[in-house]
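Q: Below is the structure, and that's it, no one-letter string:
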């Protein structure tokens, strides 16, 4: 029983930590975007230019940015959000 309680607590801690660390693609600066796997200076700038025209309504909308396809999206979606700061 003790192990179950510890496991559940650890799960919630890790989930909360991962969610808190998500990068908001509507507000992140160029350096934060570049810290993402597969996102360099050119793609980071493309994200910034896209969101100047249209706010991201969902993380999946990132595939509308030139150079970001389904494979990149799969790698990134757990690290991104469109909500919060």
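A: Yes, it's here. Nothing here was measured: the structure is a model prediction, and the numbers come from that model. Numbering: from 1, shown residues only.
Q: Going by neighbour count, list what's buried in stretch 54-64.
A: Neighbour-count burial for stretch 54-64 flags 56, 59, 61, 62 (criterion: 16 or more other CB atoms under 10 Å). (C-beta placed from N, C-alpha, C; glycine too.)
Q: what's the span of it from first residue to last?
A: Start-to-end span of stretch 54-64 (CA to CA, to the nearest Å) is 11 Å.
Q: and it, how far from the chain's centre?
A: 11 Å (CA atoms, centre = their mean, to the nearest Å).
Q: any idea of the mean pLDDT for that stretch?
A: Here stretch 54-64 scores 96 as its mean pLDDT.
Q: what's it in contact with?
A: Here stretch 54-64 makes contact (CB atoms under 8 Å, 6 or more residues apart in numbering) with 25-26, 47, 50, 68-70, 73, 76-77, 80-82.
Q: Would you show me how to pick out the buried ones of these in ChimeraX?
A: Remark: buried members of the contacts of stretch 54-64, expressed as a ChimeraX selection using 16+ other CB under 10 Å:
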select :25,26,47,50,68,73,76,80,81,82
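Q: Between the contacts of stretch 54-64, which has the least confident prediction?
A: residue 77 (90).
Q: Double-check that that one belongs to a helix.
A: Yes. Going by DSSP: H, G, I helix; E, B strand; the rest coil, the assignment for residue 77 places it inside a helix.
Q: List the contacts of it.
A: 59, 60.
Q: go again using 6 Å as the cut-off
A: Residue 77 is in contact with residue 59, counting by CB atoms under 6 Å, 6 or more residues apart in numbering.
Q: Where do the strands of the chain begin and end?
A: Using DSSP state E, the strands found in the chain span residues 23-24, 80-81.
Q: quick one: which of the ones you listed is nearest residue 38?
A: strand 80-81 (12.0 Å; CB to CB).
Q: and the closest one, what other elements does it pack with?
A: Helices and strands touching strand 80-81, as assessed by 3 or more CB pairs under 6 Å, 6 or more residues apart in numbering; DSSP states H and E, are absent.
Q: Looks like residue 81 contacts residue 22 (just checking).
A: Yes. Taking contacts as CB atoms under 6 Å, residue 81 lies within contact range of residue 22: 4.1 Å.
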